[in-house]
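**Student:** how does the following fold in three dimensions:
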Amino acid sequence: MSKVTPYKDSNLGKKEQVTKMFDTISGDYDGLNRVISFGIDIKWRKKVVEIVGRKNPDTILDIATGTGDLAINLAQTKAKKIVGLDISSGMLEIGKQKIEKKGLNSTIEMVLGDSENMPFEDNTFDAITVAFGVRNFETLEKGLAEIYRVLKPNGTFVILETSVPTKTPFKQGYNFYTKNILPAIGKIFSKDRSAYKYLSESASVFPYGEALNNILRKIGFIDVKDLPQTFGVATIYTSSK
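**Tutor:** This next block holds a predicted model:
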């Protein structure tokens, strides 16, 4: 898998580049997400909450939580404690403001940290989620192994990630949109012109479907399933430990 980075001419590693990128676009991120996905990302997150809620978890970790959209939605599961982890302090700051407004401070804690080296004990969480974050891991297998480590036995792990439609005409439409429209929207509305180009490029080379299923199985996850969403432009992956 080729390693796509936000800034081609940077001497920084992918992790540092991703941190810089999200810090820069944090103020624009929520609004642009709604525009870029036509608001469908809200429906996908609701599906993740539904899946996680079936197991009635007490503790949930939302990795690459960003501005906290999924962490806030996960409060509907009635979990006692939700931790949102992200490497970008800029994104977390926006998330903290949203959590404060919704009166969820006692339930949701936002933590600055690296998904590939997490500050949690083994077997800590009943459920772990990652929405649109695994493709930003510097080393995918290392990040997934860390998730496996902190997930409790029989715990639920759910990934929501972009994928590439395989059927005509959705495949052609998706390719045109991600290569032409998405970067143009980012260029017009975002402070960082490289960011949305990176987001579309990283989605196009990231393993999806059975390829990602096999990586999860290799790490040790069981009951691995993929659930394509909206003609395959995104996929929800469910697994357990």
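
**Student:** C-alpha only now, for contacts and for neighbours.
**Tutor:** Will do.

**Student:** in the protein, where is pLDDT below threshold?
**Tutor:** 1-2, 6, 9, 189-190, 193 (pLDDT under 70).

**Student:** and the longest strand for it?
**Tutor:** Ordering each strand of the chain by length in residues (DSSP state E) puts strand 151-162 first.

**Student:** from the contact counts, what lies against it?
**Tutor:** In terms of contacts (3 or more Cα pairs under 8 Å, 6 or more residues apart in numbering; DSSP states H and E), strand 151-162 is packed against helix 40-53, strand 125-131, strand 234-240.

**Student:** output the longest helix belonging to the chain.
**Tutor:** With DSSP state H applied, the helix covering the greatest number of residues in the chain is identified as helix 14-36.

**Student:** tilt between that helix and helix 40-53?
**Tutor:** With axes from the mean of the first three to the mean of the last three Cα atoms, to 10 degrees defining the directions, helix 14-36 sits at 110 degrees from helix 40-53.

**Student:** show me how far helix 14-36 is from its chain's centre.
**Tutor:** Average the C-alpha atoms of helix 14-36, do the same for its chain, and the two points are 12 Å apart (Cα atoms, centre = their mean, to the nearest Å).

**Student:** buried sites along that helix?
**Tutor:** By neighbour count, and taking 16 or more other Cα atoms under 10 Å as the criterion, the buried residues in helix 14-36 are 14-27, 29-30, 32, 36.

**Student:** kindly report the same for stretch 143-158.
**Tutor:** Residues of stretch 143-158 classed as buried under the neighbour-count rule (16+ other Cα under 10 Å) are 143-152, 155-158.

**Student:** mind putting those residues in JSON lines, distance to Ala79 included?
**Tutor:** Putting those into JSON lines (distance: Cα to Cα, whole Å) gives the following:
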{"residue": "Gly143", "distance to Ala79": "24"}
{"residue": "Leu144", "distance to Ala79": "23"}
{"residue": "Ala145", "distance to Ala79": "24"}
{"residue": "Glu146", "distance to Ala79": "22"}
{"residue": "Ile147", "distance to Ala79": "19"}
{"residue": "Tyr148", "distance to Ala79": "20"}
{"residue": "Arg149", "distance to Ala79": "20"}
{"residue": "Val150", "distance to Ala79": "17"}
{"residue": "Leu151", "distance to Ala79": "15"}
{"residue": "Lys152", "distance to Ala79": "15"}
{"residue": "Gly155", "distance to Ala79": "14"}
{"residue": "Thr156", "distance to Ala79": "13"}
{"residue": "Phe157", "distance to Ala79": "15"}
{"residue": "Val158", "distance to Ala79": "16"}
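
**Student:** fine by me, we can end here.
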